[in-house]
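Engineer: Quick one, fold the following:
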Amino acid sequence: MTYIVMDACIKCKFMDCVEVCPVDCFYEGENFLAINPDECIDCGVCEPECPVDAIKPDTEDDPDGKWLRINSEYAKIWPNITVKGEPPADREQYERETGKFEKYFSEKPGTGS
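Structural biologist: Residues are numbered from 1 along each chain as shown. From the prediction side, this is the model:
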């Protein structure tokens, strides 16, 4: 098992999870974070830190494994992030929205740390 970041993170990207990760397995996109499943040690400390409940065990992924694939793919190409940055200023308007991947997901990398 590994943890994955899901739809709720898009356009919110709070990054509280980054500070508690003991193995620095988070990677930063422009408007989303990804967990590298090959680096995650399944400790679960990141999950309760997410204010929008975007981090889940991979056992709660979509039946087709969509979020595990997304996390795996983008963790390979986005920069590693180890220090909490500033979440987007407009995050509050997106916190409760669903279906954000199709509307807002950006493949562009973040700045990392």
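
Engineer: The protein: helices as residue ranges?
Structural biologist: In the chain, the helices defined using DSSP state H lie at 16-20, 66-77, 100-104.

Engineer: Of all those helices, which one comes closest to Ser113?
Structural biologist: helix 16-20 (8.0 Å; CB to CB). (Each C-beta comes from the backbone N, C-alpha and C, glycine too.)

Engineer: List the buried residues for the closest one?
Structural biologist: Buried residues in helix 16-20, counted by 16 or more other CB atoms under 10 Å: Cys17, Val18.

Engineer: sorry, back to before: mean pLDDT and distance to Tyr27 added to the helices of the chain, as CSV?
Structural biologist: As requested, the helices of the chain are exported to CSV (pLDDT from 0 to 100; distance: least, CB to CB, whole Å):
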stretch, mean pLDDT, distance to Tyr27
helix 16-20, 96, 10
helix 66-77, 98, 4
helix 100-104, 96, 17
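
Engineer: Can you say which of the ones you listed is nearest to Thr2?
Structural biologist: Of all the helices of the chain, helix 66-77 sits nearest to Thr2, with 7.5 Å by CB to CB.

Engineer: what's in contact with the closest one?
Structural biologist: Under the criterion CB atoms under 8 Å, 6 or more residues apart in numbering, residues 2, 4-7, 25, 27, 29, 32, 34-39, 56, 58, 61, 101, 107, 109 lie in contact with helix 66-77.

Engineer: Tell me how far it lies from the chain's centre.
Structural biologist: 10 Å (CA atoms, centre = their mean, to the nearest Å).

Engineer: And the contacts of helix 66-77, which of them are buried?
Structural biologist: When those are checked against 16+ other CB under 10 Å, the ones flagged as buried are 2, 4-7, 25, 27, 29, 32, 34-37, 56, 58, 61.

Engineer: from the residues you listed, which ones fall inside strands?
Structural biologist: Among the buried ones among the contacts of helix 66-77, DSSP state E puts Ile4, Val5, Tyr27, Ala34, Ile35, Lys56 in strands.
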